[in-house]
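Q: When you get a sec, could you give me coordinates for this:
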Amino acid sequence: MADISPIGGSSVSYSHGVSGVSGSRESASAARFFGTNASADSAEISVVANYMAKLRSLPEVREELVLHAREQLERGAYDRPEVLDQALDEMIRDVLE
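A: Modelled structure (predicted):
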């Protein structure tokens with residue numbers, strides 16, 4: 001199980017099992033409900049593992065483009081209302097996709 005501790009301090013536990021997590025009360029209840037064996041094969045998918053898989057699928061960072069953009073920002077090349085509007089439109093579009 002993946003235990004996630006939020007900023008507040010209490011622990012939240014997430015378990016994503018195919019047939020349940022062997023030995024837990026939840027898996028025994030699920031086994032009775034579905035008529036399966038509680039010790040059947042199970043799979044546990046960690047929230048962190050899913051996040052890491054998504055990170056690995058991202059393209060490589062193109063350092064030269066990042067450096068160029070930083071230089072442009074420092075020079076004030078993007079300090080124009082139309083550039084800000086375009087950037088905000090693209091960010092909103094990305095969020096909605």
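Q: For this structure, just list every one of the helices.
A: Here the chain has its helices, by DSSP state H, at 25-34, 47-57, 63-75, 81-96.
Q: Can you add mean neighbour count and give those back as CSV?
A: Just so you know, the C-beta spots here come from the backbone N, C-alpha and C atoms, and that holds for glycine as well. What follows is those, written out as CSV (neighbours: other C-beta atoms under 10 Å):
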stretch, mean neighbour count
helix 25-34, 13
helix 47-57, 10
helix 63-75, 10
helix 81-96, 9
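Q: between those helices, which gets the lowest average pLDDT?
A: Among the helices of the chain, helix 25-34 carries the lowest mean pLDDT, a mean of 61.
Q: Report the residue ranges of every domain in the chain.
A: The record, using automatic domain parsing to delimit domains, assigns the chain the ranges 1-58, 60-97.
Q: and the end-to-end length of the shortest one?
A: Read it as domain 60-97. This stretch, domain 60-97, spans 21 Å end to end (C-alpha to C-alpha, to the nearest Å).
Q: Then stretch 71-81?
A: Counting by C-alpha to C-alpha, you get 19 Å between the two ends of stretch 71-81.
Q: Let me see the residues that make contact with it.
A: 84, 87 (C-beta atoms under 8 Å, 6 or more residues apart in numbering).
Q: Share the number of residues neighbouring residue 46, please.
A: 15 (other C-beta atoms under 10 Å).
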